[in-house]
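> task: produce atomic coordinates for the following.
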Amino acid sequence: MSKIAIIGCGAWGTCFAKICADAGNEVLVWTREEEVVEEINSIHSNHYYLKSVSLPKSIRATGKAEEVEWGEIIVSALPCQILRGALPAFAPFVKGRPVVSLSKGMEEGSGKLPTRLIEECMQVDSSLLFALGGPNLAALLAKEEPSSAQIAGQSKQAAYLASVFSNSYYFVSPSSDLVGLQVWGALKNVAAIACGMAAGAGYGENTAAVLISCALAEIEALSLKLGGEAKTMEGPAGVGDLVCTASSKLSRNFSLGYRMGLGINVEEAAKGVKGVTEGKDTIDSALSLSEKYDSPMPLARAIKSVMEGKADFASLFSKIAGERS
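Alright, predicted model coming up:
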């Protein structure tokens with residue numbers, strides 16, 4: 001049994017707390033939302049983020065940053081774009097502990113991955129940084145539907161953390177590809193927007209399959225340029241996460257794209273999606289990196305054109321498919 005402190009209590013943070021508790025661990029979750037703290041501690045649920053899910057009594061909540069020092073393992077489950085502002089408050093309380101990132105995305109402007117932000121903002125040694133990724137839709141995992149994930153970082157400790165997080169319905173394996181796992185985690189959200197747009201525009205599985213194949217090529221190429229490993233594509237954190245996120249209406253990024261495919265502009269479409277749509281905030285960083293490393297991303301660039309109102313999805317598809325055929 002391990003003591004796990006999770007920073008962030010949205011749908012995925014709450015779901016991961018349940019996963020950890022179901023693996024036999026004690027869990028503390030931090031959130032600034034006082035009503036969520038009260039609900040978790042009193043009736044063991046978080047209805048705003050995970051409806052109709054009962055949480056194990058081994059999960060408790062707090063709104064005090066200093067209490068995360070209780071944890072032997074620290075998990076960051078905050079959205080990527082708020083990490084720089086939120087994480088420094090926890091820096092004094094995580095020293096010497098492994099920190100696992102659940103965040104998906106790249107920082108706007110810098111293009112930095114979540115573990116790099118954790119390293120800078122929490123002053124964590126790089127040997128203690130880890131990232132977890134896989135086909136992990138919170139609403140399904142909360143029902144204990146079987147799934148798997150990979151955790152990347154220093155090999156021996158990654159294997160240990162994989163065993164700590166695994167339970168009867170959630171299987172975690174270790175990986176050495178800290179960069180590649182996070183690149184896939186960030187860019188699969190961009191691809192999900194494209195697949196959502198296709199669905200919203202009335203297209204079916206043929207079109208979605210072409211978009212996913214385009215995304216596979218783009219993500220793999222950029223991941224390798226940034227130092228990722230080719231084998232990551234074949235695992236749960238690669239093609240597994242991509243296919244899951246890009247084909248499910250439970251995906252926030254797919255839902256954003258779907259609304260855009262109906263003809264709603266990106267800002268209004270985002271208002272209709274509950275939670276953070278990381279793909280929208282990641283696309284500029286991805287395109288900047290594609291130019292810096294000479295790694296073309298025609299699909300991502302086409303999505304950006306739609307976001308800017310310069311084109312609609314239907315007019316772009318033949319061009320995207322043609323460049324990959």
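
> all contacts plus neighbour counts: C-alpha atoms, from now on.
Noted.

> in the protein, which helix has the most residues?
Ranked by residue count under DSSP state H, the longest helix found in the chain is helix 178-200.

> other SSEs contacting that helix?
Other elements packing on helix 178-200 under the criterion 3 or more C-alpha pairs under 8 Å, 6 or more residues apart in numbering; DSSP states H and E are strand 129-133, helix 205-225, helix 241-246, helix 252-261, helix 278-292, helix 298-307, helix 313-324.

> pull the CA atoms of it into PDB?
What follows is helix 178-200, C-alpha atoms only, in PDB (Å, rounded to 0.1, in the frame of the first residue of the first chain):
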ATOM      1  CA  LEU A 178       9.000  10.200 -21.400                       C
ATOM      2  CA  VAL A 179       9.000  12.600 -24.400                       C
ATOM      3  CA  GLY A 180       7.200  10.400 -26.900                       C
ATOM      4  CA  LEU A 181       4.400   9.400 -24.500                       C
ATOM      5  CA  GLN A 182       3.700  13.000 -23.900                       C
ATOM      6  CA  VAL A 183       3.800  14.100 -27.500                       C
ATOM      7  CA  TRP A 184       1.300  11.400 -28.400                       C
ATOM      8  CA  GLY A 185      -0.900  12.500 -25.400                       C
ATOM      9  CA  ALA A 186      -0.900  16.100 -26.600                       C
ATOM     10  CA  LEU A 187      -1.400  15.600 -30.300                       C
ATOM     11  CA  LYS A 188      -4.000  12.900 -30.200                       C
ATOM     12  CA  ASN A 189      -6.300  15.700 -28.900                       C
ATOM     13  CA  VAL A 190      -5.700  17.700 -32.000                       C
ATOM     14  CA  ALA A 191      -6.600  14.700 -34.100                       C
ATOM     15  CA  ALA A 192      -9.700  14.100 -32.100                       C
ATOM     16  CA  ILE A 193     -10.900  17.600 -33.100                       C
ATOM     17  CA  ALA A 194     -10.500  16.700 -36.700                       C
ATOM     18  CA  CYS A 195     -12.500  13.400 -36.300                       C
ATOM     19  CA  GLY A 196     -15.200  15.300 -34.400                       C
ATOM     20  CA  MET A 197     -15.400  17.900 -37.200                       C
ATOM     21  CA  ALA A 198     -15.900  15.100 -39.700                       C
ATOM     22  CA  ALA A 199     -18.700  13.500 -37.700                       C
ATOM     23  CA  GLY A 200     -20.400  16.900 -37.200                       C
END
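
> so the residue nearest in space to the middle of the chain, which of the three states?
Nearest to the mean C-alpha position of the chain, counting by C-alpha atoms, centre = their mean, stands residue 104 at 3.1 Å. Three-state call for residue 104 (DSSP: H, G, I helix; E, B strand; the rest coil): coil.

> list the residue ranges of the protein that fall below the pLDDT cut-off.
Across the chain, the ranges flagged by pLDDT under 70 are 315-325.

> at 80 instead, please
155, 311-325 (pLDDT under 80).

> now do the domain split for it, please.
The chain breaks down into these domains under automatic domain parsing: 3-176, 179-324.

> ok, residue 240 - contacts?
Listed by C-alpha atoms under 8 Å, 6 or more residues apart in numbering, the contact set of residue 240 reads 134, 135, 234.

> host element of the second one?
This points to residue 135. Per DSSP states H and E, residue 135 falls between elements, in no helix or strand.

> thinking it is in contact with residue 248, fair?
No: contact status for residue 135 versus residue 248: not in contact, 10.7 Å apart, counting by C-alpha atoms under 8 Å.

> buried subset of the contacts of residue 240?
Taking 16 or more other C-alpha atoms under 10 Å as the criterion, what is buried in the contacts of residue 240 is 134, 135.

> got the contacts of residue 240 as JSON lines, with distance to residue 62 columns?
Shown next, in JSON lines, are the contacts of residue 240 (distance: C-alpha to C-alpha, whole Å):
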{"residue": "134", "distance to residue 62": "27"}
{"residue": "135", "distance to residue 62": "28"}
{"residue": "234", "distance to residue 62": "38"}
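
> and which of the contacts of residue 240 is nearest to residue 306?
Of all these, residue 306 sits closest to residue 135, with 26.6 Å by C-alpha to C-alpha.

> leaving out sequence neighbours, find the closest residue to the closest one.
Nearest non-adjacent residue to residue 135, counting by C-alpha to C-alpha, 6 or more residues apart in numbering: residue 241, 4.1 Å away.

> and the strands in the stretch 1-150 of the chain?
For the stretch 1-150 of the chain, the strands defined by DSSP state E, counting those that start in this stretch cover 3-7, 26-30, 59-62, 73-76, 99-101, 129-133, 147-152.

> quick one: which of these is nearest residue 286?
Closest of the strands of the stretch 1-150 of the chain to residue 286 is strand 129-133, at 18.3 Å (criterion: C-alpha to C-alpha).

> just the C-alphas of the closest one, formatted as CSV.
Below are the C-alpha coordinates for strand 129-133, written out as CSV (Å, rounded to 0.1, in the frame of the first residue of the first chain):
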residue,chain,number,x,y,z
LEU,A,129,9.5,12.8,-13.2
PHE,A,130,7.0,10.4,-14.9
ALA,A,131,4.1,10.7,-17.3
LEU,A,132,1.1,8.3,-17.7
GLY,A,133,-0.8,7.9,-20.9
